[in-house]
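Chemist: return a 3D structure for these sequence lines:
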Amino acid sequence: MQIPYEVQARPDTGLYNAKLGIWLFLASEVMLFGGLFSAYIFLRIGADVGYWPKGLLNVPIGTFNTIILILSSVTVIRAWMSLKMRRYADYKKWMGITILCGAAFLIIKLTLEWPPKFGHFGAIIKKDKQEEYEKYLGNEHMRARGLPERNEISGHLEAVEFTFDGGDIEDVRTYANRKGCEISDAPHDAHAWAEAPAAGEHAAAPGGAAAAPTAAPANAPQQTATAAKPSSDPATPPAEIAAAAAAPAAPAQTVDANAPAAPAPVPAAAGPGAPSPNPGGAPAAPAAAPAAHPAKLYVMKAKHEEEGFWPSVAEGLQRVKGVKLVSFEVKPDPINENPADPENDKPHFIPKTPNHHAAPVKIEAADVHHWSAFVPKHSTYFATYFMITGLHGAHVLGGVLVFCFLWGPGARLYRKNPEHLANRVEVAGLFWHFVDLIWIFVFPLFYLL
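Modeler: As a prediction, the model looks like this:
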């Protein structure tokens, strides 16, 4: 049974079945991408000042891919025209070029554009800690020029500093070796280490109060006691000297030599349950607890610097039981290396090359709101970027697969009915034009604005 209007167009609409079907499908695609673009615009408008990044994409690569897609739209039309004129050899040539253009777009996207983002590091600094990183953020310069402040330090992750309290450090070393990294002890001058109190050292009583003086012998002559004068002993804290000098003189008291002497203080016995050294009196001041020694610090970095240290490796390290990240060592991007340079206030068509001799930035983990590679979880910007460009890439892949079929096995239809093959190429070409049109919206929204 022959399906009507499969090859010939209807006389009233001028459309054959497949062409009507592709227009209905493209209408649904317009609603899909229209919703995504609208969501992107509203998310960008509603973002906090300074929290929507700019200039993070490689504009030359995006421009080159745009040229490739526009060229492929021309070649697919040439392939369709060749079939209409019954030039099969020209059809094979132009359709082959279209396939190569689509494949080149995907290869560039998957090798030159996406992978570098997975290896690039970004740390959003907490608002109350940004002043400590002013040297790398340059917000005074941004405020003076009326521009949004920066809150992120980005670059290439060189190393991470961490503590480990989970058992055997060799388990962590095994993970590091598997990732092409090594673990070493942190330099001693990286962090100050607290000194434990010396043996036999006793803490002073609260408030710096001196121990009670021993009582005078019972046969001591009667004497008059006056207020104590400030001590000139160098061991006496200056605060006590000042307090004693400022205190008003106490009235003279007469000490009876025949009165029983006060018992001398007895050192507290060690151990629980010992008798109180001052029965019935005020409890003795507790001795100060010895200072806790901080956990040992380790450093993890790549064995070979040229191999790089991807943020995903640090994320895996953070998931190891007992590991706590302390700081990050980052080779900064040009925008953070010299944030006061006016050239860094705007995106560049040709990205600035990072200075490999730049001094690394040490970022304390406690000062970071969140950190990651330039992946969807990094920010709303990258979440929408990967969502829309990934969906667009899936459409490009689908179009290339259809073209490969029409160039290979499907081309045998030419011997049976050349017009039928021309209709199929036309329908596939309409879908391809729509894919190119979507990229014309993606390119300025993400790369230029």
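Chemist: buried stuff in stretch 369-377?
Modeler: 371-376 (16 or more other CB atoms under 10 Å). (C-beta placed from N, C-alpha, C; glycine too.)
Chemist: tell me, how many residues neighbour residue 296?
Modeler: 12 (other CB atoms under 10 Å).
Chemist: without its sequence neighbours, what residue ends up closest to it?
Modeler: residue 163 (6.7 Å; CB to CB, 6 or more residues apart in numbering).
Chemist: can you name the element that comes right after the helix or strand hosting that neighbour?
Modeler: Secondary structure from DSSP states H and E places residue 163 in strand 152-164. Toward the C-terminal end, the helix or strand that comes next after strand 152-164 (DSSP H and E) is helix 169-178.
Chemist: relative to strand 152-164, how tilted is whatever helix or strand comes next after that following helix?
Modeler: Once the chain leaves helix 169-178, the next helix or strand it forms, by DSSP H and E, is strand 181-185. Put simply, strand 181-185 runs at 60 degrees to strand 152-164, going by axes from the mean of the first three to the mean of the last three CA atoms, to 10 degrees.
Chemist: tell me the angle strand 181-185 makes with helix 169-178.
Modeler: Using the same axes, to 10 degrees: strand 181-185 against helix 169-178 is 140 degrees.
Chemist: so what are the sheet partners of strand 181-185 and their directions?
Modeler: strand 297-302 (antiparallel) (DSSP bridges).
Chemist: hmm, who's touching the partner strand?
Modeler: 158-164, 169, 172, 176, 180-186, 190-191, 308-309, 313-314, 317, 326, 329 (CB atoms under 8 Å, 6 or more residues apart in numbering).
Chemist: put the buried members of those into a PyMOL selection.
Modeler: Buried subset of the contacts of strand 297-302, written as a PyMOL selection, criterion 16+ other CB under 10 Å:
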select buried, resi 158+159+160+161+162+163+164+172+176+181+183+186+309+313+314+317+326+329
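Chemist: now do the residue nearest to residue 433 when sequence neighbours are not counted against residue 6, distance only.
Modeler: Excluding its sequence neighbours, the residue lying closest to residue 433 (CB to CB, 6+ apart) is residue 73, at 5.7 Å. Remark: distance between residue 73 and residue 6 (CB to CB, to the nearest Å) = 26 Å.
Chemist: then residue 115?
Modeler: 45 Å.
Chemist: does the residue nearest to residue 433 count as helix, strand or coil?
Modeler: helix (DSSP: H, G, I helix; E, B strand; the rest coil).
Chemist: name the element residue 422 belongs to?
Modeler: Going by DSSP H and E, residue 422 is in helix 418-442.
Chemist: an error on my part: the question was meant for residue 328.
Modeler: strand 323-332.
Chemist: from the chain's centre, how far out does that strand sit?
Modeler: 11 Å (CA atoms, centre = their mean, to the nearest Å).
Chemist: for it, which positions count as buried?
Modeler: So for strand 323-332, counting by 16+ other CB under 10 Å, buried means 323, 325-332.
Chemist: correct me if wrong: residue 183 contacts residue 174.
Modeler: No - contact between residue 183 and residue 174 fails when scored by CB atoms under 8 Å: they sit 9.9 Å apart.
Chemist: residues shared between the contacts of the two?
Modeler: Joint contacts of residue 183 and residue 174 (CB under 8 Å, 6+ apart) do not exist.
Chemist: select the longest helix from the chain.
Modeler: helix 17-46 (DSSP state H).
Chemist: and stretch 107-120, end to end?
Modeler: Start-to-end span of stretch 107-120 (CA to CA, to the nearest Å) is 20 Å.
Chemist: strands of the stretch 251-400 of the chain, start to end?
Modeler: 253-255, 297-302, 323-332, 361-364, 368-373 (DSSP state E, counting those that start in this stretch).
Chemist: turn these into TSV, including mean pLDDT and distance to residue 49.
Modeler: Listed next are the strands of the stretch 251-400 of the chain as TSV, based on pLDDT from 0 to 100; distance: least, CB to CB, whole Å:
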stretch	mean pLDDT	distance to residue 49
strand 253-255	42	71
strand 297-302	93	35
strand 323-332	94	22
strand 361-364	95	22
strand 368-373	95	15
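Chemist: can you list the ones you listed in a markdown table and add distance to residue 447?
Modeler: Putting the strands of the stretch 251-400 of the chain into a markdown table (distance: least, CB to CB, whole Å) gives the following:
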| stretch | distance to residue 447 |
| --- | --- |
| strand 253-255 | 89 |
| strand 297-302 | 31 |
| strand 323-332 | 23 |
| strand 361-364 | 27 |
| strand 368-373 | 19 |
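Chemist: so which of these comes closest to residue 105?
Modeler: strand 368-373 (23.5 Å; CB to CB).
Chemist: what does that closest one contact?
Modeler: By CB under 8 Å, 6+ apart, strand 368-373 touches 117-126, 310-312, 315, 328, 378.
Chemist: try it again at 7 Å.
Modeler: 117-126, 310-312, 378 (CB atoms under 7 Å, 6 or more residues apart in numbering).
Chemist: re earlier: closest to residue 78 out of the strands of the stretch 251-400 of the chain?
Modeler: Nearest of the strands of the stretch 251-400 of the chain (CB to CB): strand 368-373, 41.5 Å.
Chemist: about what we covered before: CA-only coordinates of the strand holding residue 328 in PDB, if you can.
Modeler: Presented in PDB, the C-alpha positions along strand 323-332 are these (Å, rounded to 0.1, in the frame of the first residue of the first chain):
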ATOM      1  CA  VAL A 323      41.000  13.800  56.100                       C
ATOM      2  CA  LYS A 324      40.300  17.500  56.600                       C
ATOM      3  CA  LEU A 325      41.500  20.000  54.000                       C
ATOM      4  CA  VAL A 326      43.300  23.000  55.500                       C
ATOM      5  CA  SER A 327      44.400  25.100  52.600                       C
ATOM      6  CA  PHE A 328      44.800  25.300  48.800                       C
ATOM      7  CA  GLU A 329      47.800  26.400  46.800                       C
ATOM      8  CA  VAL A 330      46.700  27.900  43.500                       C
ATOM      9  CA  LYS A 331      48.600  29.400  40.600                       C
ATOM     10  CA  PRO A 332      46.400  32.400  39.900                       C
END
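Chemist: element containing the closest residue to residue 154 other than its chain neighbours, please.
Modeler: Excluding the flanking residues, the one nearest residue 154 by CB to CB, 6+ apart is residue 122, at 4.3 Å. Per DSSP H and E, residue 122 falls inside strand 121-125.
Chemist: now the angle between strand 368-373 and that strand, please.
Modeler: Using the same axes, to 10 degrees: strand 121-125 against strand 368-373 is 170 degrees.
Chemist: could you list the buried residues of the very next helix or strand once past strand 121-125?
Modeler: Per DSSP H and E, strand 121-125 leads on to helix 134-137 as the next helix or strand towards the C-terminus. Under the neighbour-count criterion of 16+ other CB under 10 Å, helix 134-137 has 136-137 buried.
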